[in-house]
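**Q** sequence and predicted model, in that order:
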Amino acid sequence: MFRPLPRLSALILCAAPAALAAPPARDTAKALIAEVEKGPAKKDAARDALAEAHRALARADKARLAGDQRHGAALEALALEWAEAARDLARRAAAEERAFALEKELGETTVALEKAHTLIEQTNARRNRAEVQLRELDAARAGPPKPTPETPAKPTGAKKKGDAKGAADKGGSE
């Protein structure tokens with residue numbers, strides 16, 4: 001005697017975990033479409049891919065209504081591919097936007113760094129000039145300046161010609 005019922009139930013029990021392991025392509029595609037459509041900027045970047053995903057889902061509905069389950073499943077898988085492409089395009093647009101913002105920030109930081117470097121150089125130059133002036137002042141305080149060969153030494157006690165006081169001291173007149 002042939003008993004098909006136990007074999008059929010065994011086949012269903014073996015196939016059930018495989019069916020539960022992966023969610024249907026339709027549900028995954030709809031979830032991805034909803035995720036991409038959340039952000040307006042992201043939606044613009046992936047507009048064409050989203051339109052194709054919606055079109056594939058509509059075609060899958062029509063195929064399933066016509067009784068063509070095989071093509072309906074294939075169209076749902078196609079919709080999933082388009083939804084994944086839309087997600088990837090939205091991620092790329094967000095990454096480009098972030099990269100642009102980081103590049104702008106890097107430029108601003110570079111300019112600020114150059115300004116700071118210039119200020120440090122100016123401050124070091126001022127400090128060096130101040131150190132030179134301080135050394136000169138310390139040297140001036142330490143002792144009188146030595147006569148240089150260019151300046152004549154002052155005469156000490158020598159008579160000048162035409163000095164009336166010098167002549168009067170000697171008692172004579174010239």
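**A** Great, that's in hand.
**Q** the chain: helices as residue ranges?
**A** 4-21, 25-37, 40-45, 47-65, 69-142, 164-170 (DSSP state H).
**Q** what does the second one rub up against?
**A** Looking back up the chat, that one is helix 25-37. 42-43, 46, 50, 53-54, 56-57, 60, 73, 76-77, 79-80, 82-84, 86-87, 90 (C-beta atoms under 8 Å, 6 or more residues apart in numbering). C-betas here are computed from N, CA, C, even on glycine.
**Q** circling back: want to throw the helices of the chain into JSON lines with mean neighbour count?
**A** Shown next, in JSON lines, are those (neighbours: other C-beta atoms under 10 Å):
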{"stretch": "helix 4-21", "mean neighbour count": "9"}
{"stretch": "helix 25-37", "mean neighbour count": "18"}
{"stretch": "helix 40-45", "mean neighbour count": "14"}
{"stretch": "helix 47-65", "mean neighbour count": "17"}
{"stretch": "helix 69-142", "mean neighbour count": "13"}
{"stretch": "helix 164-170", "mean neighbour count": "10"}
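**Q** okay, these in JSON lines with mean pLDDT next?
**A** Converted to JSON lines, these look like this (pLDDT from 0 to 100):
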{"stretch": "helix 4-21", "mean pLDDT": "50"}
{"stretch": "helix 25-37", "mean pLDDT": "90"}
{"stretch": "helix 40-45", "mean pLDDT": "67"}
{"stretch": "helix 47-65", "mean pLDDT": "93"}
{"stretch": "helix 69-142", "mean pLDDT": "94"}
{"stretch": "helix 164-170", "mean pLDDT": "54"}
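**Q** thanks again, I'm all set now.
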